[in-house]
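Asker: 3D model of this:
(chains A and B)
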Amino acid sequence: MKYMLLMQFSSATADFPGITEWTPDEIKAHIAFMGRTNKTLAADGELVDAQGLAMPDTAKVVRAGTDGAAVVTEGPFAETKEFLAGWWIVDVEDEARAVELAAYISTAPGPGGAPLNMPLEVRQVMSGPPADL
Amino acid sequence: MDAVPVDANRPDDLLRTLAPQVVGVLTRRFGDFDTAEDAVQEALLAAAVQWPRDGLPDNPRGWLIQVASRRMIEQVRGERARRDREDLAARREPAGVVAPAADVDDAQGRDDTLLLLFLCCHPALTPPSAIALTLRSVAGLTTGEIAGAFLVPEATMGQRISRAKQKIKAAGSTFSMPDADAWPERLASVLHVLYLLFNEGYAASGAELQRVELAQEAIRLTRALHAQLPDDGEVGGLLALMLLVHARSAARTGPDGALVPLAEQDRSLWDGEAVAEGVALITEAMPKGPVGPYRVQAAIAALHDEARTVEETDWPQILALYDVLERVAPSPVVTLNRAVAAAMVHGPEAGLAIVDALAADPLLTRGHRLYVTRAHLRERAGDRVGAAEDFRAAAARTASLPERHYLTIKAAGLNA
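Answerer: Modelled structure (predicted):
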């Protein structure tokens, strides 16, 4: 079963300073944790995909205007309190395993090496067989 | 009698029929399934390149055994060289490395296909691991092909297969027939893996609704198993079930890829040849020993396939068979199916009464099946509001995208 683990950053719930205020070693430790995690997921035969997203400062919001032409709003958006930081797609035995992986990723270290405990949303990917109707 | 039927005009089929036999020969010769399996995979890849280019060798199996053996000896030597570097004192000849014989006994090759199935569907493995390993070792697919079928990266699939082999080794399983005590459990495990592989053929991601190749792969492997164990009723039952369900596959999807339920399928699209073969198989398998779940399900599928319309279906007989199935393999899903049959025989209220008795089961209310069943029964009973509510609840819970589309459209139609 495939699940997507969405790492959502929320300035409302985050009780740690932004990454720009961390020490180089704290940032390196965080990056190393993510690298190790992805390596382990691959070695366990569970990794489908993992991607980090560029910071929302460079984001654009696009909608179609009249005639379908793109109407683009450029970031940064002052009102952004929550943004998607990245995601994993894992192919696992069951939902319990997806939850276990999300909890592990949530322990990624931040300032002082303490776990950030960032929230991850766990969503099933629509890839199951339909019932024989 | 071939273990798996071969079409000589299709070198792929030949390669894949020979694959498990060559794995068997090498495992026997070197006593190491894990390394033998890797070596054969490389020989298969080499053959896939060389045979179309240079023509089929005179003795394809001998060719594969030669190439895989050579690869294996290289690996053993490489392993020894590494050990020697680490420990100069250890300069022993590796045990078991002998020159490959020109060819092996045919009967042995067929038995090896069966032995490999038992090994790859070992109860110590999770079903996804067993499926992946079976597709590679027994069905002779490449890691890339298996990864493509399951939409995961090749490296991930490679790791899954290699871990599965480690797990078999850790479980202490050997390349030999299970003894009489273990036989029923081990065979049940093989049938379960083949059944799940078949179902996986109907799972989909994105637009495609059926992964026909996987279903056909499951049929091909079960056919080989049936050829080996023709007197086992449940093996015959499983093959019949697959053929009878797969016979409807062309009618199961609309032109736009949408799901078409059994009641609305164009039955002229069903594969009559597969139906005939399935019916013959289940008729022959039915009296062979105490009836098990695969034969009962095949018998039910046969009754559906033989009916020209939903109305002409022998629903009383189907209901009786679901009663049997509930006794031999009870599960909430079986009870839901029995409710549908009961509704066809005694009216929707009778079906709804059965479903209502299950409505408190938390395992069922988390999934979508209870809601799908109740939605259809409520619709038949004329309860449009209740049916729409259930179709929506089912749509929110299914893990199949085409099914969600179907359920959402059904709910919308009842809102009008």
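
Asker: show me what contacts the closest residue to chain A within the stretch 101-250 of chain B?
Answerer: Going by CB to the nearest CB, chain A is nearest to B:R160 of the stretch 101-250 of chain B, at 3.0 Å. Backbone N, C-alpha and C define where each C-beta goes, glycine included. The contact partners of B:R160, taken as CB atoms under 8 Å, 6 or more residues apart in numbering or on different chains, are A:45, B:128-129, B:132.

Asker: could those be laid out in TSV, adding pLDDT and neighbour count?
Answerer: TSV is the format used below for those (pLDDT from 0 to 100; neighbours: other CB atoms under 10 Å in any protein chain shown):
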residue	pLDDT	neighbour count
A:G45	92	23
B:P128	90	21
B:S129	93	22
B:A132	94	28
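
Asker: what about the residues you listed, which are in helices?
Answerer: B:128-129, B:132 (DSSP state H).

Asker: which one of those residues sits closest to B:D12?
Answerer: Set against B:D12, the nearest of the ones in helices among the contacts of B:R160 by CB to CB is B:A132 (19.3 Å).

Asker: now the residue nearest the centre of chain B, what are its backbone angles?
Answerer: With distances taken as CA atoms, centre = their mean, B:L197 lies nearest the centre of chain B, 2.5 Å away. Backbone geometry at B:L197, expressed as degrees, to the nearest 10, gives phi -60, psi -40.

Asker: pull up the gap between it and B:T27, please.
Answerer: Separation of B:L197 from B:T27 (CB to CB, to the nearest Å) stands at 22 Å.

Asker: cool, B:E403 as well?
Answerer: Noted for B:E403: a distance of 41 Å to B:T27, by CB to CB.

Asker: now for residue 12, how many residues are close by?
Answerer: Using chain A here. When neighbours are counted by other CB atoms under 10 Å in any protein chain shown, A:A12 registers 6.

Asker: not what I meant, chain B
Answerer: B:D12, neighbours per other CB under 10 Å, totals 15.

Asker: list the buried residues of the host helix or strand of it.
Answerer: Assigned by DSSP states H and E, B:D12 belongs to helix B:11-30. Across helix B:11-30, burial judged by 16 or more other CB atoms under 10 Å in any protein chain shown covers B:11, B:13-30.

Asker: please save the CA atoms from stretch A:102-110 in PDB.
Answerer: The C-alpha atoms that make up stretch A:102-110 are tabulated as PDB, following Å, rounded to 0.1, in the frame of the first residue of the first chain:
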ATOM      1  CA  ALA A 102       6.000   9.500   9.800                       C
ATOM      2  CA  ALA A 103       6.700   9.500  13.600                       C
ATOM      3  CA  TYR A 104      10.300   8.700  12.900                       C
ATOM      4  CA  ILE A 105      10.700  11.400  10.300                       C
ATOM      5  CA  SER A 106       9.100  13.800  12.800                       C
ATOM      6  CA  THR A 107      12.100  13.200  15.100                       C
ATOM      7  CA  ALA A 108      14.400  15.000  12.700                       C
ATOM      8  CA  PRO A 109      16.700  17.100  14.800                       C
ATOM      9  CA  GLY A 110      16.700  20.900  15.100                       C
END
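
Asker: distance from the chain centre to it, please.
Answerer: Between the centre of stretch A:102-110 and the centre of its chain there are 11 Å (CA atoms, centre = their mean, to the nearest Å).

Asker: what are the buried residues along it?
Answerer: A:102, A:105, A:108, A:110.

Asker: those residues also near chain B: which ones?
Answerer: With CB under 8 Å from any CB of the partner chain as the criterion, no member of these is in contact with chain B.

Asker: where along the chain do the strands fall?
Answerer: Since you didn't name a chain, this refers to chain A. Using DSSP state E, the strands of chain A run over residues A:2-10, A:47-52, A:60-64, A:70-74, A:82-91, A:120-124.

Asker: the longest helix in chain A is where?
Answerer: helix A:24-43.

Asker: for that one, name the packing helices and strands.
Answerer: Applying 3 or more CB pairs under 8 Å, 6 or more residues apart in numbering or on different chains; DSSP states H and E, one finds that helix A:24-43 contacts strand A:47-52, strand A:82-91, helix A:95-105, helix B:154-170.

Asker: any idea which of these gets closest to B:D314?
Answerer: helix A:95-105 (39.1 Å).

Asker: which neighbouring elements make contact with that closest one?
Answerer: Against helix A:95-105 (3+ CB pairs under 8 Å, 6+ apart) you get strand A:2-10, helix A:24-43, strand A:82-91, strand A:120-124.

Asker: give me the angle between the third one and helix A:24-43.
Answerer: Spelled out, that is strand A:82-91. 30 degrees (axes from the mean of the first three to the mean of the last three CA atoms, to 10 degrees).

Asker: contacting residues around B:L352?
Answerer: Residues in contact with B:L352, defined by CB under 8 Å, 6+ apart, are B:339, B:343, B:374, B:377-378, B:381.

Asker: related to what we said a few turns ago, which one of the ones in helices among the contacts of B:R160 is nearest B:L319?
Answerer: Lowest distance from B:L319 to the ones in helices among the contacts of B:R160 (CB to CB) belongs to B:P128, with 34.4 Å.

Asker: wait, doesn't that closest one sit right on A:E93?
Answerer: Yes: with contacts counted by CB atoms under 8 Å, B:P128 reaches A:E93, the gap being 6.9 Å.

Asker: how about the residues of chain B by chain A?
Answerer: Contact residues, chain B versus chain A (CB under 8 Å from any CB): B:126, B:128-129, B:150-153, B:155-161, B:163, B:199-200, B:202-205, B:209, B:245, B:259, B:261-263, B:368-369, B:372, B:398-404, B:406.

Asker: point out where the chain drops to low pLDDT.
Answerer: You didn't say which chain, so I picked chain A. Across chain A, the ranges flagged by pLDDT under 70 are A:78-80, A:131-133.

Asker: sorry, should have said chain B
Answerer: For chain B, the ranges with pLDDT under 70 are B:1-11, B:83-110, B:203-212, B:416.

Asker: just to revisit the earlier point, convert the C-alpha atoms of the longest helix of chain A to CSV, please.
Answerer: Taking C-alpha atoms only, helix A:24-43 is exported to CSV below (Å, rounded to 0.1, in the frame of the first residue of the first chain):
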residue,chain,number,x,y,z
PRO,A,24,25.8,25.2,10.7
ASP,A,25,26.2,22.0,12.7
GLU,A,26,22.5,21.9,13.5
ILE,A,27,21.6,22.4,9.9
LYS,A,28,24.2,19.7,8.8
ALA,A,29,22.7,17.3,11.4
HIS,A,30,19.2,17.9,10.1
ILE,A,31,20.3,17.3,6.5
ALA,A,32,22.2,14.1,7.5
PHE,A,33,19.2,12.8,9.3
MET,A,34,17.0,13.2,6.1
GLY,A,35,19.7,11.6,4.0
ARG,A,36,20.0,8.6,6.3
THR,A,37,16.3,8.2,6.5
ASN,A,38,15.9,8.1,2.7
LYS,A,39,18.8,5.6,2.4
THR,A,40,17.2,3.3,5.0
LEU,A,41,13.8,3.5,3.3
ALA,A,42,15.4,2.6,0.0
ALA,A,43,17.4,-0.3,1.6
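
Asker: spell out which parts of chain A neighbour chain B.
Answerer: Checking chain A against chain B by CB under 8 Å from any CB, the hits are A:1-2, A:42-49, A:91, A:93, A:124-133.
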